[in-house]
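Trainee: pasting a predicted model and its sequence here:
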Amino acid sequence: MENKVDGLIGRLSQGSLAYMRRLLFRVLSVGPIPNHLAFILDGNRRYARKWKLGEGMGHRAGFLSLMCLMKYCCELGVKYVTIYAFSIDNFRRKPQEVQGVMDLMLEKIEGLLKEESIVNQYGVRVYFIGNLKLLSDPVRLAAEKAMKATSNNNNCALLICVAYTSTDEIFHAAVESCEDKCSEIRSLGRLQNGEIGLEKYGAVSLANVEKHMYMGVAPDPDILVRTSGETRLSNFLLWQTSTCLLYSPEALWPEIGLRHLVWAVLNFQRIHPYVERTRKQL
Ligand SMILES: CC(C)=CCC/C(C)=C/CC/C(C)=C/COP(=O)(O)OP(=O)(O)O
């Protein structure tokens, strides 16, 4: 009986919290809502140490925070959420730790596809962004499966950057656009004996480089949040953040919550007219 009453109170308070949250989001929606939020998930290991949890538990707690935040973003009307889940540099960590994060990732990617997951409840399309060749076969295959399975979801997009760094992305896009240019020239078939110089065909275009960015599926982020008070970009979205608001709350990633999201959006709304003017001038 006691358990049933506890359960009922729990459900009632969850319901009223969800109601209050929706009300709060209605008020926030009087101002502009950011289209794209990006997050650097910093502080998972520190969280585990702080609470004397076992190794890897910080990352598990971090995943729960991510799902909560994803839900809030969908409810608020944010269309793109990008996370820095694993950088190419992270592969240099202790093999046991890398394996732990990869195992968690595999488990959670499979979880994302379950019917009751936030992804399915809120119609989220999942993209994996980065040099996916660097992932182990099981993780890469699971990532590809998740992208395919969610490709018809169109309410919001979750872009998971794994095996990603900005320099790798920019280098990859530059190489791909040079290759495009070469095949364009080859298809014209007139580059004989140096008779027609390369300059005749024009240079690689900026639009073509941007087309080959891994992040080309989304507009530039409006807000970049890095938790745990760190203010470095750590090779994340360097190409895409020229007019982006940066916010670095002291909270460790698993501690991030609704109040941080609301604060970030309020700050975005405060600087929005200025950013819009700057973007138009670019
Ligand atoms: C499927 C899916 C989206 C999974 C995501 C799982 C997840 C939460 C990954 C975070 C990985 C990571 C290296 C975070 C940085 O914190 P840190 O380990 O560097 O912690 P520290 O800053 O305290 O050292």
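Mentor: Structure's in. What do you need?
Trainee: tell me, please, the helix or strand in the protein that averages the lowest pLDDT.
Mentor: None of the helices or strands of the chain scores lower by mean pLDDT, DSSP states H and E than helix 2-28, at a mean of 82.
Trainee: can I get the helix or strand that that one is followed by in CSV, CA atoms only?
Mentor: Where DSSP states H and E defines the elements, the next helix or strand beyond helix 2-28 is strand 36-40. The C-alpha trace of strand 36-40 is given here as CSV (Å, rounded to 0.1, in the frame of the first residue of the first chain):
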residue,chain,number,x,y,z
HIS,A,36,21.0,24.6,-32.6
LEU,A,37,22.6,23.9,-29.3
ALA,A,38,26.1,22.2,-29.0
PHE,A,39,27.5,20.6,-25.9
ILE,A,40,31.0,19.6,-24.7
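Trainee: got the buried residues for the helix or strand containing Asp168?
Mentor: Using DSSP H and E, Asp168 sits in helix 166-188. Neighbour-count burial for helix 166-188, with 16 or more other CB atoms under 10 Å as criterion, is recorded at Ser166, Asp168, Glu169, Ile170, Ala173, Glu176, Ser177, Asp180, Lys181, Ile185. (Glycine included, C-beta is placed from N, CA and C.)
Trainee: and the residues you listed, which two are furthest apart?
Mentor: Using CB to CB, the two most remote members of these are Ser166 and Ile185, lying 28.8 Å apart.
Trainee: Met70: neighbour count?
Mentor: By other CB atoms under 10 Å, 21 other residues sit near Met70.
Trainee: try Arg92
Mentor: A total of 9 residues lie near Arg92 under the criterion other CB under 10 Å.
Trainee: pLDDT score assigned to it?
Mentor: Confidence at Arg92, expressed as pLDDT, is 96.
Trainee: distance check, it against Thr165.
Mentor: Distance of Arg92 to Thr165, computed by CB to CB, to the nearest Å: 12 Å.
Trainee: and the residue most central in space within the chain, what element?
Mentor: Among the residues of the chain, Thr82 comes closest to the average C-alpha position under CA atoms, centre = their mean, at 1.4 Å. Element membership for Thr82, per DSSP H and E: strand 80-87.
Trainee: show me what from the stretch 1-150 of the chain comes close to the ligand.
Mentor: Applying CB under 6 Å from any ligand atom, we find that the stretch 1-150 of the chain lies next to the ligand at 41-46, 59, 62-63, 66, 85-86, 90, 101, 104-105, 108-109.
Trainee: repeat the analysis, applying 5 Å as the threshold.
Mentor: Contacts of the stretch 1-150 of the chain with the ligand, taken as CB under 5 Å from any ligand atom, map to Leu41, Asp42, Gly43, Asn44, Arg45, Arg46, His59, Gly62, Phe63, Ala85, Met105, Lys108.
Trainee: any idea which element the last one lies in?
Mentor: The one in question is Lys108. Assessed by DSSP H and E, Lys108 sits inside helix 95-112.
Trainee: save the residues of the stretch 1-150 of the chain next to the ligand as CSV, and put in neighbour count too.
Mentor: Shown next, in CSV, are those (neighbours: other CB atoms under 10 Å):
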residue, neighbour count
Leu41, 22
Asp42, 22
Gly43, 23
Asn44, 22
Arg45, 19
Arg46, 15
His59, 23
Gly62, 26
Phe63, 19
Ala85, 26
Met105, 23
Lys108, 20
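Trainee: Throw these into a markdown table and include pLDDT, thanks.
Mentor: Putting those into a markdown table (pLDDT from 0 to 100) gives the following:
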| residue | pLDDT |
| --- | --- |
| Leu41 | 97 |
| Asp42 | 96 |
| Gly43 | 97 |
| Asn44 | 96 |
| Arg45 | 95 |
| Arg46 | 97 |
| His59 | 95 |
| Gly62 | 96 |
| Phe63 | 96 |
| Ala85 | 96 |
| Met105 | 96 |
| Lys108 | 95 |
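Trainee: now for the nearest residue to Leu132 once chain neighbours are set aside, how many residues are close by?
Mentor: Spatial nearest neighbour of Leu132, excluding adjacent residues (CB to CB, 6 or more residues apart in numbering): Arg140 at 5.3 Å. Residues contacting Arg140 under the criterion other CB under 10 Å number 16.
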